[in-house]
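Asks: Here you go, sequence then predicted model.
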Amino acid sequence: MSVLIFVDQSEGHIKKASYEVATYGAKLAAQLGTTAEALVLGTITDNLADLGKYGIKKVHQVANETLNHLDAQLFTNVIAEAVKQLGATVVIFSHTQTGKAISSNVAARLQAGIVTGASALPDTTNGFVVKKTVFSGKAFANIAIHSPIKVISLNPNSFHTLAGEGVAEVSSLAIAVGNPKVKVNSIDKIIGEVPLTEADIVVSGGRGLKGPENWGILLDLAKELHAATACSRPVADANWRPHHEHVGQTGVQIAPNLYIALGISGAIQHLAGVNRSKVIVVINKDPEAPFFKAADYGIVGDLFEVVPKLTEEIKKMRGE
Amino acid sequence: MKILVCISKTPDTTARIAFTDNNTQFDENGVQWIINPYDEWYSLVRAIELKEKDPTTIIHLITVGGPDCDPVIRKALALGGDEAIRVNAPAKDSYYVAAQIAEIARQEKYDIIFTGKEAIDFNGSAIGGMVAELTDTPYISLATKFELTGNTALISREIEGGEEIDEVSIPVVVSCQKGMAEQRIPNMRGIMAARTKPLKVVEPTAIDALTSILSFELPPAKAGVKLVSPDNVAELVRLLHEEAKAI
Ligand SMILES: Cc1cc2nc3c(=O)[nH]c(=O)nc-3n(C[C@H](O)[C@H](O)[C@H](O)COP(=O)(O)OP(=O)(O)OC[C@H]3O[C@@H](n4cnc5c(N)ncnc54)[C@H](O)[C@@H]3O)c2cc1C
Ligand SMILES: Nc1ncnc2c1ncn2[C@@H]1O[C@H](COP(=O)(O)O)[C@@H](O)[C@H]1O
């Protein structure tokens, strides 16, 4: 019996969400009196032994270059085979783009019950019960998994990484990979920008900014904070900002440490995408804006005056 | 070309979220039910567009649920699609639902199966991958664009901080999100036509659910907003730095 975590990598680097999963997996293993091991697919430049710092005892790598690109079927084959070979009983993914592409497929293959979007360690005192976010962050559900093998995908940013001491033993796992059916034609990453779903800080703008020409003040603030940028749905619909920045019920759901909302009213559908943020700051000229009810800090004022001052004050605080 | 669009029924996006029976049941009192937005706006409309381009295309809609799903599936038929299938069983868990859909898919042999990125009630993001696995079909998740030339699909999908374009031969299972299509509103003709479109009710196959919901919780209430004067922006920065430790 062991806990197996899936390590997601991109261009040879372990993704931040995977360190969270490693920490979570190690804690769960300790709780179950077993060890946490990791599975890495593809070739990688990061030092895999470092996963030991997060409590992982063994890292198994299938170092086949075909696996540097995601193909749901190939990944499912390889992961399911690894689970069998290693005798893992709990398999953990991160609930990221990659996790969403493969975790439920693996679960179906293994006839394993799955909880996606887990937000806390399972309660294993009586059965195996996992807490997850439901209704787009408006509530939680406690879900019991009944099958012998259990699959969890962990919400990013819901479990803090804890780096300590430790060196994981790295070994390679021999699993036949086969040919991919999906061909990756192109990858288009927005260079230099912080990816929205990974960002610690997000600065977001709504219709209160009045037009795309006014985004400069928002971008200055985001740059000063090394933040990702986001927007409300009408802003993306009007093409003031690109669609991938749209957060909310029907857009991207995020859970950064800090979410700063500028000129956004805080409609329930908008909140559904951001209400898992640790700290919410709202700047809005309307004291009745519903967003203030969901905020931790707020300024009732004209964003065109407040935002440049905010950027200046942050610079000052940092002694720049 | 034969397309299956998976449709789920969800509470309206503004529904009050509350629970009854000692927090074990979702309180359906006063809840308006809608087609899950990802299914309606993105996957169904994209399927309809593909049919508009190639009128020989057949679109089936499927939902796993009780008779209470009929109004929602009729609404989906009013947007487009040729016939609907309802697997007459409560949606016990993702695996149960996916196995029912896969059962129909194996019989009907679809070229494309569209699901939404997630159902906005339980936020599973699970059905698409399971259906793909259970029908042994390639799976592209979080798709933002879908183009078909002959038997080759070019599909854009969201990756961390960007997009990737994948090429794959059909059959394929695709989970859809914003970008796939523009929201449409059903017109009178569609609504009339939907009344006479077939809605086949089939009984479920015996499958064991692998999970069950024990209880629900609401998140702890926020302590309340701390307001700072617009003339004292420095104070906000201090609070964010010293108190919230967020910057
Ligand atoms: C089914 C459905 C799904 C939806 N999904 C989403 C979603 O995913 N994401 C989303 O965002 N929305 C979504 N919406 C839309 C949502 O209901 C709101 O309409 C939208 O969020 C409003 O955007 P906004 O706050 O930018 O604009 P508004 O509601 O127009 O608010 C603008 C705010 O800016 C303030 N303001 C104006 N000028 C200034 C100034 N100078 N200084 C400071 N403040 C100022 C105003 O007081 C106001 O509060 C959805 C709607 C539906 C029906
Ligand atoms: N009961 C259901 N019947 C048919 N399709 C469903 C059902 N539940 C979910 N789906 C489909 O699966 C997608 C993802 O749902 P989920 O995995 O539950 O978040 C939805 O957008 C629907 O397309």
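Replies: Arrived safely. Numbering: from 1, shown residues only, chains lettered A, B, ... in the order given. Ligands and ions are numbered 1, 2, ... in the order given.
Asks: wait, what's in contact with B:T137?
Replies: Contact analysis of B:T137 by C-beta atoms under 8 Å, 6 or more residues apart in numbering or on different chains lists B:113, B:131, B:171-173. Quick note: C-beta positions are derived from backbone N, CA and C, even for glycine.
Asks: Name the residues of chain B found near ligand 2, please.
Replies: B:6-8, B:36, B:38-39, B:62-65, B:91, B:94, B:97, B:115-116, B:118-119, B:122-128 (C-beta under 6 Å from any ligand atom).
Asks: Among these, which ones are in helices?
Replies: B:94, B:97, B:127-128 (DSSP state H).
Asks: Just say helix, strand or coil for A:R109.
Replies: What DSSP: H, G, I helix; E, B strand; the rest coil gives for A:R109 is helix.
Asks: confidence score at the closest residue to it other than its chain neighbours?
Replies: Excluding the flanking residues, the one nearest A:R109 by C-beta to C-beta, 6 or more residues apart in numbering or on different chains is A:A80, at 4.5 Å. At A:A80, the model reports a pLDDT of 98.
Asks: my guess is A:A80 contacts A:A108, does it?
Replies: No. Using C-beta atoms under 8 Å, A:A80 is not in contact with A:A108, being 9.6 Å away.
Asks: residue contacts, the residue nearest the centre of chain B?
Replies: Closest to where the C-alpha atoms of chain B average out (C-alpha atoms, centre = their mean) is B:G116, at 3.1 Å. When contacts are counted by C-beta under 8 Å, 6+ apart, B:G116 touches B:6, B:8, B:36-39, B:42-43, B:175-177.
Asks: still on that earlier bit, filter the contacts of B:T137 down to the ones in helices?
Replies: Using DSSP H, the contacts of B:T137 in helices are B:V131.
Asks: all helices for the stretch 1-150 of chain A, in order.
Replies: A:16-32, A:72-86, A:97-110 (DSSP state H, counting those that start in this stretch).
Asks: Which residue would be the closest one in chain B to ligand 2?
Replies: B:G116 (2.3 Å; C-beta to the nearest ligand atom).
Asks: what bridges to that residue?
Replies: With DSSP bridges as the criterion, B:G116 is bridged to B:C176.
Asks: ok, it to ligand 1 distance?
Replies: 13 Å (C-beta to the nearest ligand atom, to the nearest Å).
Asks: And the contacts of the lowest-mean-pLDDT helix or strand in chain B?
Replies: Lowest by mean pLDDT, DSSP states H and E among the helices and strands of chain B is helix B:188-196, with a mean of 94. Contact with helix B:188-196 is made by B:74-75, B:77-80, B:186, as judged by C-beta under 8 Å, 6+ apart.
Asks: Top of those residues by number of neighbours, please.
Replies: B:L77 (26 neighbours; other C-beta atoms under 10 Å in any protein chain shown).
Asks: give me the number of residues near the closest residue to it other than its chain neighbours?
Replies: Nearest residue to B:L77 in three dimensions, chain neighbours excluded: B:A194, at 3.9 Å (C-beta to C-beta, 6+ apart). Residues contacting B:A194 under the criterion other C-beta under 10 Å number 20.
Asks: cool, and the one 3 residues further on?
Replies: Other residues lying near B:K197 total 17 when counted by other C-beta under 10 Å.
Asks: ditto for the one 4 residues further on
Replies: As a burial measure, the neighbour count of B:V201 was computed by other C-beta under 10 Å and equals 11.
Asks: That one touches B:N88, doesn't it?
Replies: Yes. Between B:V201 and B:N88 there is a contact under C-beta under 8 Å: 5.2 Å.
Asks: Show the contacting residues for A:I79.
Replies: A:6, A:39, A:41, A:91, A:102, A:106.
Asks: With neighbour count, distance to chain B and pLDDT added, can I get those residues in JSON lines?
Replies: Listed next are those as JSON lines, based on neighbours: other C-beta atoms under 10 Å in any protein chain shown; distance: C-beta to the nearest C-beta, whole Å; pLDDT from 0 to 100:
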{"residue": "A:F6", "neighbour count": "26", "distance to chain B": "14", "pLDDT": "98"}
{"residue": "A:L39", "neighbour count": "22", "distance to chain B": "18", "pLDDT": "98"}
{"residue": "A:L41", "neighbour count": "27", "distance to chain B": "16", "pLDDT": "97"}
{"residue": "A:V91", "neighbour count": "28", "distance to chain B": "13", "pLDDT": "98"}
{"residue": "A:I102", "neighbour count": "27", "distance to chain B": "7", "pLDDT": "98"}
{"residue": "A:V106", "neighbour count": "29", "distance to chain B": "8", "pLDDT": "98"}
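Asks: closest to ligand 2 among the residues you listed?
Replies: Closest to ligand 2, out of all of those and judged by C-beta to the nearest ligand atom, is A:I102, at 13.7 Å.
Asks: how close does the closest one sit to A:I114?
Replies: Using C-beta to C-beta, to the nearest Å, A:I102 is found at 11 Å from A:I114.
Asks: do the same with B:Q177
Replies: 20 Å.
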